[in-house]
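# I need the structure of the sequence given here:
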Amino acid sequence: MAARGHVQDPNDRRLRPIYDYLDNGNNKKAIQQGDKLLKKHKDLHCAKVLKAIGLQRTGKQDEAFILAQEVATLEPTDDNSLQALTILYREMHRPELVTKLYEAAVKKVPLSEEYHSHLFMAYARVGEYKKMQQAGMALYKIVPKNPYYFWSVMSLVMQAISAQDERLAQTMFLPLAERMVEKMVKEEKIEAEAEVQLYFMILERLGKCVEALEVIRGPLGEKLTSELQSRENKCMMLYRRLQRWPECNALAHKLLLRNPDDWQFYPSYFDSLFHLMDQSWSPPKEDEHCSEGSVHHTVAEVVRFVEERIKGEDSKECRPLRGPHLARLELMHRLRERGCPEESLLGEPLELMVQFFGKFGDKPCCITDLKLYLHLLAPEQHVQFINHLSEAVPLGERGEEGFAFPDDTKALQRHLCVCQLSRALGLHHSLDVDGKLLLITELKAHYRHGLKFGMNALKTELQFSDMYCLMAAHVYIDLWTETGDEDMAWRCLGLLQEGLSHSPSNAQFKLLMLLLYCRLGAFEPVVDLYSSLDAKHVQHDTIGFLLTRYAESLGQFAAASQSCNFSLRFFHSNQKDTSEYIIQAYKYGAFEKIPEFIALRNRLNQSLHFAQVRTERMLLDLFLEADIVLSLEESVKAMSLSAEEDDIPWDNMRDNRDLTVFTSWDPKERQLTDEHRRRSLEDEIVWLRIRSLTLRLVASLAALGHVPSQQNSEMINENGVADKPSVHSSLLSQLNQTLQTAAQMAEQRVQRPFLGPPSTRLASALSSGSCQCQAAALQLSVHLQELETAGLDDSSELQTQICNGFKSLAVQLREILTKCKGDLLEMKEAKLQTQPSLLENLIFFVETACIVLWMASYCSKILRPLKTSLQRKKKKKKDANMAMPAVVCGFQELTGSLQDLLTQAQEHIKGQESGTTALKLASLTLEGNTQVSEDEASFMKAAMDKVQSSYLRSLQEVGDLLKKRAETVKNLKI
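Modelled structure (predicted):
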């Protein structure tokens, strides 16, 4: 901001040190420099704003806001102050204040192009489309440039997209936008490609496909040059929408003649053929077939066309193209689907696939290409097919181990492709245990042999033979799931660890290890694995669930908090970032991207993962801090948590999880189905509902602690504020209904593929009894509210009911603790066995104990004044033998039971810690596995050490929390 023209503004020179301090992150110095400058120059508004930025960055938000408002009320028009205030408001997440700033500036300097454009962009940040339209037109009147005019048109389109009433969009906003563009077309003022794109977008949204087609094929369409085949793609899309199948077919045919490898036009070509056949279309006798040229309307013509493309490719000496060969298989698949006898014209699928493998088997894409068409083979042809392919793989002489290895990377890729296709056909799965172990030995031998081809590879590059290692790991997982032998899981982890030592950037190794460690109940190694994946932007939403699902449930509270922050940071920055993308799209005329950015923002705001992480993070903070660091009421207040408000978009929830992130070659019957996805989503939503209602009920419990008496709450209700006890009761009934639904769902358990979505905590929460115990504790608070109203004298039945509730809670908690008993890690027949379900039950015990303690704390607040008034009555009557009320005795029993249970839990944890520490894993891996080499044993040992260390960390964190919770029981005396 310093030099303007040849003369430097003296204020710029004075402000420069503050800018430098802020840029270097030295905020305290910036504040001091600002104070120094303001003593000399009181009217230097920008210095005040820069000081406010320093205050904001040092956490003094309130002081910063007061300073900023002092300057903003003066309505500054100097560039420095305006830009500094814009930066400050953006950091405060208050973009709406920027609009007021520039509205005032534009009033004072009405002919400034710069301020008008800043005002437009400020409106864009907050999505004020109506005002954007007006600002765009005002800008165009001052400076008649096309971009400003089309900013206004695009703002009309955005009003149409965001309109609640679709009719309003179709009858008012879009027609007005269309007329505005038509005016420019008639005056021949259309200059840029972006303007034609916007015109096309408007016509498309209005459903005026014929008019849009005329624009694309006319002189305006000639401006569409930034994308290859942009006009042709748009024409194809419009022909499909208009169901003009002759034109669609002819255009696809024409484009495929030009480039036979352009796959996107083959589906259109085949689709149009079948539509023409269904309509019994025949070409006119005299005229041209259609405006795009000749049409292929019979299967014979299309088969001939595809065969000609293949012959054309075969006759060339340059690199062969896959497109025509894949088109033949795709056509065969479609003809078989329709039951067309012409399928035989194309030949035998087995021979065609063998031919394809002969040409492209040395390319990594060969497996993904052929996998799509394996269903064309009859089951009895599977072994024959693999034998044919094996013959086409050049391998060397058999070595000592009895395996023949490839001599170069192309032969390696061919052999690997045969192995992948064998697995995809189910040949690996049909082997017995010994057969699978032999297969693993072969795959490992090929993996280790293949490492020699990548000896000079960089750390960021993958080894040529990595996929052998991954496939062997998959076979180990098959053995683990089928036999239940956990030794297979340890071998699998050892193998993947070995793979990672040679190929540190292999994401598939890391993802599979991450999943295995979580299934074994160890979260500690997962954090480093996930951070080494270096997930970017939207991946925090699509694969973040792999991390956050297990974080808290495996007792790693600090890591769980960190994991939630990973994801939440992305979701919170998304709102701000999207606004910047939209502004850039306006600046550079990328109008068609703006609705996409808005859709992305909505998709992330409505994300299931976002709602889960938000809820789990708040619950975690309460479990760790409420009534330990701060009181429950203060903790709830600090989170701005309201029992009345539900900010989760249940009706528009988006499941953005990438459930195909793991590479898999499983046959179709073992793959993830749509039913698996649907059931997984249902489970996730029901579990989220339980957690969200629990969180809101805890917030409601904290609010109940503030309601002084029944009379006051009635007055509050009359004044129009929600009645807190009624909110609590409503949430309880919702929780009970949800638990009933959850119990029904838990009965219909579906076995999912190992590499499918991880199951929720729902089934284990119900089987442990923690959900039921938490609901009972929260229900008890309603009876305590009634007791407060009734008093101790006339409430013997209610007191008995509450006492029974206290006893029931103690029994339920004891049962949950019993389900935690057992060894997390133990040795069986010289093999290491894990029981992660015990750890998960221990976490349920901790969570439930926290909620029972909060209820007990609320109870003590109610009983204390009631007991005090009773003692006063005793003194007046001078009756020392007056019996203590049942509810007081029951409460004292409850606190005694809680103290006892927490002590038992701590002793159990200490026992587990000493038992886990005492396990000697070094001898274990070698003694138990005669088939394992020394190197493999060392990798297995490393994996076992990580699991052992993780269990100890979990036990330590859970033990520390229980110790703090046991301290809070002492404060419950009444």
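# any weak-confidence spans in the stretch 601-750 of the chain?
706-723 (pLDDT under 70).
# would you list every one of the helices in it?
608-625, 632-638, 674-704, 710-718, 724-747 (DSSP state H, counting those that start in this stretch).
# wait, which of the ones you listed is closest to Gly494?
The minimum distance between Gly494 and the helices of the stretch 601-750 of the chain falls on helix 674-704, with 29.6 Å, by C-beta to C-beta. Bear in mind the C-beta positions are built from the backbone N, C-alpha and C, glycine included.
# relative to Ser315, which of the helices of the stretch 601-750 of the chain is closest?
When the helices of the stretch 601-750 of the chain are compared (using C-beta to C-beta), the closest one is helix 674-704, at 43.9 Å.
# distance to Asn971 and mean neighbour count for the helices of the stretch 601-750 of the chain - can I get that in CSV?
Below are the helices of the stretch 601-750 of the chain laid out as CSV (distance: least, C-beta to C-beta, whole Å; neighbours: other C-beta atoms under 10 Å):
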stretch, distance to Asn971, mean neighbour count
helix 608-625, 15, 22
helix 632-638, 12, 18
helix 674-704, 16, 20
helix 710-718, 26, 12
helix 724-747, 23, 16
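# please tabulate those in CSV, including the columns distance to Ser561.
Formatted as CSV, those follow (distance: least, C-beta to C-beta, whole Å):
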stretch, distance to Ser561
helix 608-625, 6
helix 632-638, 14
helix 674-704, 16
helix 710-718, 36
helix 724-747, 25
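# hang on, isn't Ser461 packed against Gly454?
Just so we're on the same page, residue 461 is Glu rather than Ser. Yes: assessed by C-beta atoms under 8 Å, Glu461 is found in contact with Gly454 at 7.1 Å.
# between the helices of the stretch 601-750 of the chain, which one is nearest to Met653?
Of all the helices of the stretch 601-750 of the chain, helix 608-625 sits nearest to Met653, with 5.4 Å by C-beta to C-beta.
# tell me the helix or strand right after the helix or strand containing Cys248.
In this structure, Cys248 sits in helix 245-258 according to DSSP states H and E. Next helix or strand after helix 245-258 toward the C-terminus (DSSP H and E): helix 265-278.
# pLDDT averaged over the next helix or strand after that following helix - what is it?
Next along the chain after helix 265-278, taking DSSP H and E as the criterion, comes helix 299-315. For helix 299-315, mean pLDDT rounds to 90.
# what is helix 299-315 packed up against?
Counting contacts by 3 or more C-beta pairs under 8 Å, 6 or more residues apart in numbering; DSSP states H and E, helix 299-315 packs against helix 245-258, helix 265-278, helix 323-338.
# hang on, the earlier thing: so which of the helices of the stretch 601-750 of the chain gets nearest Ser563?
Using C-beta to C-beta, the nearest of those to Ser563 is helix 608-625, at 8.3 Å.
# would you map the strands across the stretch 401-550 of the chain?
404-406 (DSSP state E, counting those that start in this stretch).
# listing request: residues of it with sub-threshold pLDDT.
Using pLDDT under 70, the stretch 401-550 of the chain has no residue that qualifies.
# and stretch 937-947, what's buried?
Buried residues in stretch 937-947, counted by 16 or more other C-beta atoms under 10 Å: Ala937, Ser938, Phe939, Met940, Lys941, Ala942, Ala943, Met944, Lys946, Val947.
# what lies in contact with the helix or strand encompassing Leu174?
Here Leu174, judged by DSSP H and E, is contained in helix 174-186. With contacts defined as C-beta atoms under 8 Å, 6 or more residues apart in numbering, helix 174-186 is touched by 146, 149, 152-153, 156-157, 160, 190, 195, 198-199, 202-203, 205-206, 220.
# the residue nearest in space to the middle of the chain and Ser567, how far apart?
Taking C-alpha atoms, centre = their mean, the centroid of the chain lies closest to Asp541, which sits 1.9 Å from it. Going from Asp541 to Ser567 by C-beta to C-beta, to the nearest Å gives 7 Å.
# any common contacting residues for those two?
With C-beta under 8 Å, 6+ apart, Asp541 and Ser567 have common neighbours His609, Phe610.
# where do the domain boundaries of the chain fall?
242-347, 791-973 (the TED database).
# between these, which one is closest to Leu431.
Proximity to Leu431 (C-beta to C-beta) singles out domain 791-973 among the domains of the chain, at 16.7 Å.
# and the closest one, how far from the chain's centre?
Centroid separation between domain 791-973 and its chain, computed with C-alpha atoms, centre = their mean, to the nearest Å, is 33 Å.
# what about that domain, how long is it end to end?
19 Å (C-alpha to C-alpha, to the nearest Å).
# what do you get for stretch 372-382?
First-to-last distance for stretch 372-382 - C-alpha to C-alpha - comes to 15 Å.
# over to stretch 546-560?
12 Å.
# for the record, mean pLDDT for stretch 947-966?
The model assigns stretch 947-966 a mean pLDDT of 94.
# could you pull out the buried residues of that stretch?
947-948, 950-955, 957-959, 961-962, 965-966.
# kindly report the same for stretch 249-266.
So for stretch 249-266, counting by 16+ other C-beta under 10 Å, buried means Asn249, Ala250, Leu251, Ala252, His253, Leu255, Leu256, Pro260, Asp261, Asp262, Phe265, Tyr266.
# convert it to PDB, retaining C-alpha atoms only.
What follows is stretch 249-266, C-alpha atoms only, in PDB (Å, rounded to 0.1, in the frame of the first residue of the first chain):
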ATOM      1  CA  ASN A 249     -25.800 -40.600 -33.300                       C
ATOM      2  CA  ALA A 250     -24.400 -38.700 -36.300                       C
ATOM      3  CA  LEU A 251     -22.400 -36.300 -34.100                       C
ATOM      4  CA  ALA A 252     -20.900 -39.100 -32.000                       C
ATOM      5  CA  HIS A 253     -20.000 -41.000 -35.200                       C
ATOM      6  CA  LYS A 254     -18.400 -37.900 -36.700                       C
ATOM      7  CA  LEU A 255     -16.400 -37.200 -33.500                       C
ATOM      8  CA  LEU A 256     -15.200 -40.800 -33.200                       C
ATOM      9  CA  LEU A 257     -14.000 -40.800 -36.800                       C
ATOM     10  CA  ARG A 258     -11.900 -37.800 -35.800                       C
ATOM     11  CA  ASN A 259     -10.600 -39.400 -32.500                       C
ATOM     12  CA  PRO A 260     -11.500 -43.100 -32.100                       C
ATOM     13  CA  ASP A 261     -10.000 -43.100 -28.500                       C
ATOM     14  CA  ASP A 262     -12.400 -40.400 -27.100                       C
ATOM     15  CA  TRP A 263     -14.400 -42.700 -24.800                       C
ATOM     16  CA  GLN A 264     -17.000 -40.000 -23.800                       C
ATOM     17  CA  PHE A 265     -18.700 -40.300 -27.200                       C
ATOM     18  CA  TYR A 266     -19.000 -44.100 -27.300                       C
END
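# state the distance from Val947 to Arg601.
40 Å.
# quick one, what contacts Phe597?
Here Phe597 is in contact with Thr578, Tyr581, Ile582, Ala585 (C-beta under 8 Å, 6+ apart).
# quick check: closest non-adjacent residue to it.
Nearest non-adjacent residue to Phe597, counting by C-beta to C-beta, 6 or more residues apart in numbering: Tyr581, 4.8 Å away.
# counting by contacts, list what the helix or strand hosting that neighbour packs against.
For Tyr581, the element it lies in under DSSP H and E is helix 557-587. Packed against helix 557-587 by the contact rule (3+ C-beta pairs under 8 Å, 6+ apart) you find helix 113-126, helix 524-533, helix 539-542, helix 545-551, helix 593-605, helix 608-625, helix 934-969.
# Glu75 - that's part of a helix, no?
No: assessed with DSSP: H, G, I helix; E, B strand; the rest coil, Glu75 is coil; it does not lie in a helix.
# tell me which element the closest residue to it other than its chain neighbours is part of?
Excluding the flanking residues, the one nearest Glu75 by C-beta to C-beta, 6+ apart is Ala104, at 4.0 Å. Using DSSP H and E, Ala104 sits in helix 96-108.
# list the contacts of the residue lying closest to Phe265 once chain neighbours are set aside.
Spatially, and ignoring its direct neighbours in sequence, Phe265 is nearest to Ala252 (4.5 Å; C-beta to C-beta, 6+ apart). Each residue near Ala252 by C-beta under 8 Å, 6+ apart is listed here: Met236, Phe265, Tyr266, Ser268, Tyr269, Ser272.
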